[in-house]
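# got a predicted model here, sequence first, then my questions.
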Amino acid sequence: MRKSIVIAGFSGIGKTECAKKYKNVIDLDSAEYVYDDRDIQDIPFEERKGQKRKPNPNWPQNYIKAIKKAMNQYDFVLVWDREDIIKEYIKHKIPFLLCYPSIEDLISTMQKDLKIEEILITIFK
């Protein structure tokens, strides 16, 4: 069995770019598993993010299954870091590392989309 490293990474830390750069890395974007996109298959994946989407009834089991499969195929598996799915990693005995940006980088990233008051509320919540 392959010895994979699963990395649960914060949004915007470069998971997708890393997977594009290295062949032994996969970024399992959770959106492909969270939503049932059968009705909007003709819309490019990135554009679907702005659409009203139906939840996938197989979530999160479908994501856990994909992670386990990827662990047998890649050296590094990059995954979502949300608290509810992290509990699933633990429940299913998937070893993982958490990867977060520094507080400065976090604030810089969040400032692109949020007002400073919302950033502080998010950080100190």
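Everything's here; your move. Numbering: from 1, shown residues only.
# any low-confidence regions in this structure?
1-2, 105-125 (pLDDT under 70).
# strands along that one, start to end?
Here the chain has its strands, by DSSP state E, at 5-9, 25-27, 35-36, 54-55, 76-79, 97-99.
# bridge partners for the closest residue to Asp39 other than its chain neighbours, pull those for me.
Spatially, and ignoring its direct neighbours in sequence, Asp39 is nearest to Lys54 (7.2 Å; CB to CB, 6 or more residues apart in numbering). From N, CA and C alone the C-beta is placed, and that goes for glycine too. Note on Lys54: beta-bridge partners by DSSP bridges are Asp36.
# kindly report the same for Leu98.
Bridge pairing for Leu98 - DSSP bridges - gives Ala8.
# surely it touches Val6?
No: between Leu98 and Val6 there is no contact, the gap being 10.3 Å when judged by CB atoms under 8 Å.
# give me the more crowded residue out of those two.
Between Leu98 and Val6, counted using other CB atoms under 10 Å, the more crowded position is Val6 (19 against 10).
# right, and that one touches His92 too?
No: assessed by CB under 8 Å, Val6 is found out of contact with His92, at 10.9 Å.
# middle-most residue in the protein, spatially?
Residue closest to the average C-alpha location in the chain (CA atoms, centre = their mean): Trp80, at 2.6 Å.
# for the chain, what spans make up the helices?
Applying DSSP state H to the chain gives helices spanning 15-21, 31-34, 45-48, 61-71, 83-91, 103-111, 116-124.
# can I get the strands of the chain in CSV with distance to Lys15?
Converted to CSV, the strands of the chain look like this (distance: least, CB to CB, whole Å):
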stretch, distance to Lys15
strand 5-9, 5
strand 25-27, 5
strand 35-36, 18
strand 54-55, 23
strand 76-79, 4
strand 97-99, 8
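# so which of the ones you listed is the most surrounded?
strand 76-79 (a mean of 23; mean count of other CB atoms under 10 Å).
# same for it, what does it pack against?
strand 5-9, helix 15-21, strand 25-27, helix 61-71 (3 or more CB pairs under 8 Å, 6 or more residues apart in numbering; DSSP states H and E).
# again, only this time at 6 Å
Counting contacts by 3 or more CB pairs under 6 Å, 6 or more residues apart in numbering; DSSP states H and E, strand 76-79 packs against strand 5-9, strand 25-27, helix 61-71.
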